[in-house]
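Asks: give me the fold of what follows.
(one chain, ligands or ions: 2)
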Amino acid sequence: MALWGIEKEDELTASEQRGTHKLTAAQLLVKFLESKGVTQLYGIPGAGILPVYDAVIDSGRIESYNVRHEQTAIFMADGYSRTTGKVGVCAATSGPGATNFLTGLYSAYCDSVPLLALTGQVPTGLLGKDAFQEAPMVQMARPVAKAAYLVEKAEDMPRIVKEAWRLMTTGRKGPVLLDLPLDVQKGLVDVNLDEFLAPDEPEVLPQASQEQVKQAWEMIQAAEYPVFLVGGGIVLANAAEELRELAELLQIPVVSSLMGKDCFPNDHMLYAGMMGTMCQTPLGNKTILDSDLVVNLGGRFDGRSTGAVSVFKEGRKIVHVNLDEKELGRHVTTELAIAADIKEFIRQLTALIRESGYQADAKTTHKIVKLGEDRVKLARQTEFDTFPMKPQQAIAELRKCLERDAIVTLDCGISQIWATQLFDAYEPGTFMITGRAGTMGWGLGAAMGAKLAKPEAQSVNLLGDASLGMSLQDLATAAKHNIPVIVVVLNNSLFGLIRQQQNLLYDRRWISTELDYENVEMGHNRGLDFVATAKGMGVGAELVEKPEEIKEALARAFASNRPYLIEVLVDPTAVCSVSMDGTIKGVVESV
Ligand SMILES: Cc1ncc(C[n+]2csc(CCOP(=O)(O)OP(=O)(O)O)c2C)c(N)n1
Ligand SMILES: [Mg+2]
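Replies: Residues are numbered from 1 along each chain as shown. Ligands and ions are numbered 1, 2, ... in the order given. Just a heads-up that it's a prediction; the model follows:
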């Protein structure tokens, strides 16, 4: 069958190739992935990527999970990567299958997540000729990926795949796209397998000089009220334990950015909460505003985190340590900037402090006692007796019912913002969110990838109804492959966060933010019936209207050991607490 109508397209069939002593580029790619410990492939096959899929059949080690939308496949790879720190791999066919990966690449790139996206491409002879399902993937992907390669010749495959792997997994990590023309996938390559599959040289990361570490320590000692501001780099560098040891040694409060939320136990006496204009806590912002020195470890001073820099910076010095030199001084001017592996930097600083014989004094201890008092005083309200329930209450209830190491994935909206503010995280890699991209539709795929990576952990996608509308079809993927994720959808029948903005910023002029309609089949006015839809796909589901029902619904969900959806009806008038003037001083509390 000649799909692209060119001569010799099927020059060598897959079965003919098996008889040769050489391997096709697709087979080599699969062998390489196996050697790196890849065991799962998420995607949707199509004519343009079939040689890769065909090679997976012979793999014996890699299991293929087909999905209902390529976007979910790349979100699964993302969730897998964030959970394990390893590389998730996904595949799509040429043209529309491949372009469906773009949001996934962008979301992973924004948060420095390594994943490998494999896309089929038209045969090389047709490139640039507007062939059926030809899309300029490399050009489209480059701005939103760490790298994107078009593999033009089969013999380039060994070099490119090795280079791609090194790029994804070293330095500041990120997603890489390999665009694979059909004839290239099928082309034969003569390669020395031992050399090709030999392990890479260990990575050498930039390190802080002793002088820089000393300077940082001197600045901490000179400060009246030093604070650690920790970012996602701590999770990526697997440095949570080192951070905890350092913070405990110094008795310094820890404020996190959104991406750093799960790198420090949120119930630790030194944890002050999150700083920010949207995803923040009153204590997090207050602690920063009370400080005279902010030591940023592995964060990047995102604009939604600092708010207006004039307010954030006023009266305080900054030490910034980040692996990526490009981040230093990019948004905020600093008194000391260090490009270094964060884990090693923390170890060096801890060693220096220990050598100095430092002991926290009474003044420092007093500050921590005060922090504890403020934590109670400034805690946001989560108990209400309103009907329908507030999202805050649903989120607090959910947290109480889940295990400490449960993984929660989030999409975007009011429910997500409340979750960042109220859902405590205790272990790295358990609070998963597209921090910079804010991608609706991300969390279900991510939760499935996380569950496949760590089957023993509870994996919950907490999201709003509109967000679920963007991933709903892949409940069928959870059912088909029996991936027991729990979906908790907070249904206000609204694009709630956008409605909140229309109310606050556009004189309550509403357009296109309501999702309700009369569902004549189901006999209610909520529009889409999530419970019926989930059940239609073979996913257990139930409706919850009162907070006290959440616990038992979850117990049933976990007992089923199958994917399960819990639809929670929440107050459509509920809003979340965000800054009104774009500064971390300007958060207006809403209940
Ligand atoms: C893919 C994508 N499209 C659009 C947006 C803009 N957006 C942010 S929040 C939101 C509404 C989310 O509604 P829902 O998931 O129901 O959560 P709610 O705010 O109602 O809790 C929209 C449209 C986005 N973040 N991502
Ligand atoms: Mg909603």
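
Asks: for Phe228, give the beta-bridge partners.
Replies: Val254, Val295 (DSSP bridges).

Asks: give me the pLDDT value at it.
Replies: Phe228 is assigned a predicted lDDT (pLDDT) of 98.

Asks: next, count neighbours for it.
Replies: Neighbours of Phe228 under the rule other C-beta atoms under 10 Å: 29. Yep, even glycine has a C-beta here, placed from its N, CA and C like the rest.

Asks: for the residue in the chain positioned nearest to ligand 2, the count of nearby residues, please.
Replies: Here the chain gets closest to ligand 2 at one residue, Gly464, 3.7 Å apart by C-beta to the ion. Gly464 has 28 neighbours, counted by other C-beta under 10 Å.

Asks: pLDDT below threshold where in the stretch 251-400 of the chain?
Replies: The stretch 251-400 of the chain contains no residues with pLDDT under 70.

Asks: can you pull out the helices in it?
Replies: 282-290, 303-306, 309-313, 342-356, 362-377, 391-401 (DSSP state H, counting those that start in this stretch).

Asks: Phe423: which of the ones you listed is closest?
Replies: Taking C-beta to C-beta, helix 391-401 is the member of the helices of the stretch 251-400 of the chain nearest to Phe423, at 5.1 Å.

Asks: just checking, what packs against the closest one?
Replies: helix 414-422, strand 459-464, strand 486-491, helix 550-560 (3 or more C-beta pairs under 8 Å, 6 or more residues apart in numbering; DSSP states H and E).

Asks: that older thread, find the nearest non-adjacent residue to the residue of the chain closest to ligand 2, please.
Replies: In space, and not counting its chain neighbours, Gly464 is closest to Gly413: 4.0 Å by C-beta to C-beta, 6 or more residues apart in numbering.

Asks: quick one: contacts for the one you found?
Replies: Contacts were defined as C-beta atoms under 8 Å, 6 or more residues apart in numbering; by that measure Gly413 touches 440, 463-464, 466-467, 495-497.

Asks: nearest to Asn519, of those residues?
Replies: Distances from Asn519 to those, taken by C-beta to C-beta, are shortest for Ala466, at 16.0 Å.

Asks: which of the helices or strands spans the closest one?
Replies: Assessed by DSSP states H and E, Ala466 sits inside helix 465-469.

Asks: looking at the helices and strands packed on helix 391-401, which is buried most?
Replies: strand 459-464 (a mean of 29; mean count of other C-beta atoms under 10 Å).

Asks: shaky segments in this protein?
Replies: For the chain, the stretches flagged by pLDDT under 70 are 1-3, 5-21.

Asks: and it, what are its domain boundaries?
Replies: Split into domains by automatic domain parsing, the chain comes to 23-196, 210-377, 391-588.

Asks: can the first one be found next to ligand 1?
Replies: This points to domain 23-196. No - using C-beta under 6 Å from any ligand atom, domain 23-196 stays clear of ligand 1, with a minimum separation of 6.8 Å.

Asks: now the end-to-end length of that domain.
Replies: One end of domain 23-196 sits 12 Å from the other (C-alpha to C-alpha, to the nearest Å).

Asks: report the distance from it to the chain centre.
Replies: Centre-to-centre, domain 23-196 and its host chain are 19 Å apart (C-alpha atoms, centre = their mean, to the nearest Å).

Asks: same check, this time on the last one
Replies: On the basis of C-alpha atoms, centre = their mean, domain 391-588 sits 16 Å off its chain's mean C-alpha point.

Asks: packing partners for the host helix or strand of Leu33?
Replies: According to DSSP H and E, Leu33 maps onto helix 25-35. Contacts defined by 3+ C-beta pairs under 8 Å, 6+ apart place helix 25-35 against helix 50-59, helix 157-169, strand 176-181, helix 182-186, helix 193-196.

Asks: just checking, the residue of the chain closest to ligand 2 touches Ile498?
Replies: No - between Gly464 and Ile498 there is no contact under C-beta atoms under 8 Å: 10.7 Å.

Asks: before we move on, back to that, so which of the helices and strands packed on helix 25-35 gets nearest His268?
Replies: Going by C-beta to C-beta, the one of the helices and strands packed on helix 25-35 nearest His268 is helix 157-169, 30.2 Å.

Asks: same list (the domains of the chain) but as a markdown table, adding distance to Pro202.
Replies: Below are those laid out as a markdown table (distance: least, C-beta to C-beta, whole Å):
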| stretch | distance to Pro202 |
| --- | --- |
| domain 23-196 | 10 |
| domain 210-377 | 13 |
| domain 391-588 | 22 |
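
Asks: just the C-alphas of the helix or strand following the helix holding Ala466, formatted as CSV.
Replies: Sequence-wise, the next helix or strand downstream of helix 465-469 (DSSP H and E) is helix 475-480. Extracted in CSV, the C-alpha atoms of helix 475-480 (Å, rounded to 0.1, in the frame of the first residue of the first chain):
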residue,chain,number,x,y,z
LEU,A,475,-11.1,8.6,30.6
ALA,A,476,-11.6,5.9,28.1
THR,A,477,-7.8,5.4,28.0
ALA,A,478,-7.8,5.0,31.8
ALA,A,479,-10.6,2.4,31.5
LYS,A,480,-9.1,0.6,28.6
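
Asks: can you list contacts of helix 475-480?
Replies: 65-68, 72, 444, 448, 483-485, 487, 533-534, 537-539, 562-563, 565.

Asks: in helices, which of those residues fall?
Replies: Among these, the ones falling in helices (DSSP state H) are 72, 444, 448, 533-534.

Asks: which one of those residues is nearest ligand 1?
Replies: Leu444 (11.8 Å; C-beta to the nearest ligand atom).

Asks: excluding its backbone neighbours, what's nearest Gln210?
Replies: Gln210 sits nearest to Gln348 (C-beta to C-beta, 6+ apart), 7.6 Å away.

Asks: list the residues that contact the one you found.
Replies: Applying C-beta under 8 Å, 6+ apart, the residues contacting Gln348 are 207-208, 210, 213.

Asks: stretch 179-196 spans what distance, first to last residue?
Replies: First-to-last distance for stretch 179-196 - C-alpha to C-alpha - comes to 20 Å.

Asks: end to end, how far does stretch 306-318 reach?
Replies: In stretch 306-318, first residue to last residue: 12 Å (C-alpha to C-alpha).

Asks: tell me the buried residues in that stretch?
Replies: Buried positions in stretch 306-318, judged by neighbour count with 16 or more other C-beta atoms under 10 Å: 306-308, 311-313, 316-318.

Asks: neighbours of the residue of the stretch 151-300 of the chain found nearest ligand 1, how many?
Replies: Closest residue of the stretch 151-300 of the chain to ligand 1, C-beta to the nearest ligand atom: Met278 (10.8 Å). Using other C-beta under 10 Å, Met278 has 20 neighbouring residues.

Asks: contact partners for it?
Replies: So Met278 contacts 304, 417, 578-579 (C-beta under 8 Å, 6+ apart).

Asks: which of those residues are close to ligand 2?
Replies: Near ligand 2, judged by C-beta under 5 Å from the ion, there are no entries from the contacts of Met278.

Asks: and those, which two are the farthest apart?
Replies: Ile417 and Ser579 (11.5 Å).

Asks: quick check: the closest residue to ligand 1 within the stretch 251-400 of the chain vs Leu127, distance?
Replies: Using C-beta to the nearest ligand atom, the single residue of the stretch 251-400 of the chain nearest to ligand 1 is Pro391, 6.6 Å away. Computed as C-beta to C-beta, to the nearest Å, the Pro391 to Leu127 distance reads 49 Å.

Asks: compare those two (neighbour count), which wins?
Replies: Pro391 (27 against 15).

Asks: I figured that one was touching Ala574, is that so?
Replies: Yes - counting by C-beta under 8 Å, Pro391 touches Ala574, with 5.4 Å between them.

Asks: what do the two both touch?
Replies: 414, 492.

Asks: contact partners of the helix holding Leu33?
Replies: 17, 23, 51-52, 54-56, 58-59, 61-62, 89, 116, 118, 151, 154-155, 157-158, 161-162, 165, 178, 180, 184-187, 189, 191, 193, 196-197.

Asks: if anything else comes up later, I'll come back, but that's it for now.
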